[in-house]
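> what follows is a predicted protein model with its sequence.
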Amino acid sequence: MALADKRLENLQIYKCLQCVRNKDKKQIEKLTRLGYPELINFTDPIDGQSALHLASVSNDTDMVSFLLSLGAHPDVKDRMGCTPAMRAAELGHEMSMEILAKAKADMTLVDNEGKGILFYCILPTKRHYRCALIALEHGADVNNCSYDGKPVFLRACEAAHDIKEMCLTLLEKGANPNAINTV
């Protein structure tokens, strides 16, 4: 979404982000009502995080739901091209992932390196596996290939000794078993 680049916009987005950290819903509501239009979807000018990114990363499901109710867009991207769902998946925050998925977060989006959400789920924990299941249930691409030519299934197979169940699930969901690194 929009990067804040004017002084007043910057001050308001930083105030909004601070309110998210402090769980100050009244102030967030006031800022979104009286501040810049679409302030809830602005990203800070340094690393591009939005209010929804912060709530997702901290696994604050109450705040995630609240921000979505105020019109936060579930597909806003940070400077790395990551959505709140990608950040939640990366940390194994399945509850935040579930809320974002129900809010129609686009599970087919890719970051600045071409990596889809499943790349962020390739870690050997049950929480990451559940995040992958949520992403797959909501349309994640099992044949996503990063811009450097590596398919997500190949990346998962490289870590197969720790995530055998995920590899099998990707195959069941239609991953190409003959996927190769194209670079």
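In hand now; what should we look at? Because the structure is predicted, anything quoted here is derived from the model rather than measured.
> lowest-scoring secondary structure element of this protein by mean pLDDT?
Across the helices and strands of the chain, mean pLDDT, DSSP states H and E gives its lowest value to helix 7-22, namely a mean of 92.
> show me what whichever helix or strand comes after that helix is packed against.
Downstream of helix 7-22, the first helix or strand assigned by DSSP states H and E is helix 25-34. Applying 3 or more C-beta pairs under 8 Å, 6 or more residues apart in numbering; DSSP states H and E, we find helix 25-34 packed against helix 7-22, helix 61-69. The C-beta positions use only the backbone N, C-alpha and C, and glycine is treated the same way.
> looking at those, which is buried most?
For the helices and strands packed on helix 25-34, the largest average neighbour count (mean count of other C-beta atoms under 10 Å) is found in helix 61-69, namely a mean of 20.
> now for that one, which elements pack on it?
By 3+ C-beta pairs under 8 Å, 6+ apart, helix 61-69 packs against helix 25-34, helix 51-57, helix 94-102.
> residues touching the second one, excluding its own?
Around helix 51-57, the neighbours that count as contacts under C-beta atoms under 8 Å, 6 or more residues apart in numbering are 16-17, 20-21, 28, 40-41, 43, 63-64, 67-68, 72-74, 76, 78, 82, 84-85, 87-88, 91, 93, 96, 100.
> so how far is G92 from the closest residue to V64 other than its chain neighbours?
In space, and not counting its chain neighbours, V64 is closest to A55: 4.6 Å by C-beta to C-beta, 6 or more residues apart in numbering. Distance check for A55 against G92: by C-beta to C-beta, to the nearest Å, it reads 16 Å.
> which of the two has more neighbours?
Neighbours per residue (other C-beta atoms under 10 Å) separate A55 from G92, with A55 holding more: 28 against 20.
> ok, now how distant is the more buried one from Y14?
16 Å.
> residue ranges with poor pLDDT in this protein?
1-5 (pLDDT under 70).
> repeat that for 90
Per-residue confidence of the chain (counting by pLDDT under 90) places the weak regions at 1-11, 35-37, 44-47, 179-183.
> Provide a list of residues in contact with L17.
D44, Q49, A51, L54 are the contacts of L17 under C-beta under 8 Å, 6+ apart.
> for P151, phi and psi?
Here the main-chain torsion angles of P151 (degrees, to the nearest 10) amount to phi -70, psi 150.
> which ones are touching the residue lying closest to it once chain neighbours are set aside?
Distance criterion C-beta to C-beta, 6+ apart; nearest residue to P151, sequence neighbours excluded, is A179 at 3.8 Å. By C-beta under 8 Å, 6+ apart, the contact list for A179 reads N143, C145, P151, F153, L154.
> now render those as TSV, adding distance to T169.
Formatted as TSV, the contacts of A179 follow (distance: C-beta to C-beta, whole Å):
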residue	distance to T169
N143	14
C145	18
P151	15
F153	11
L154	15
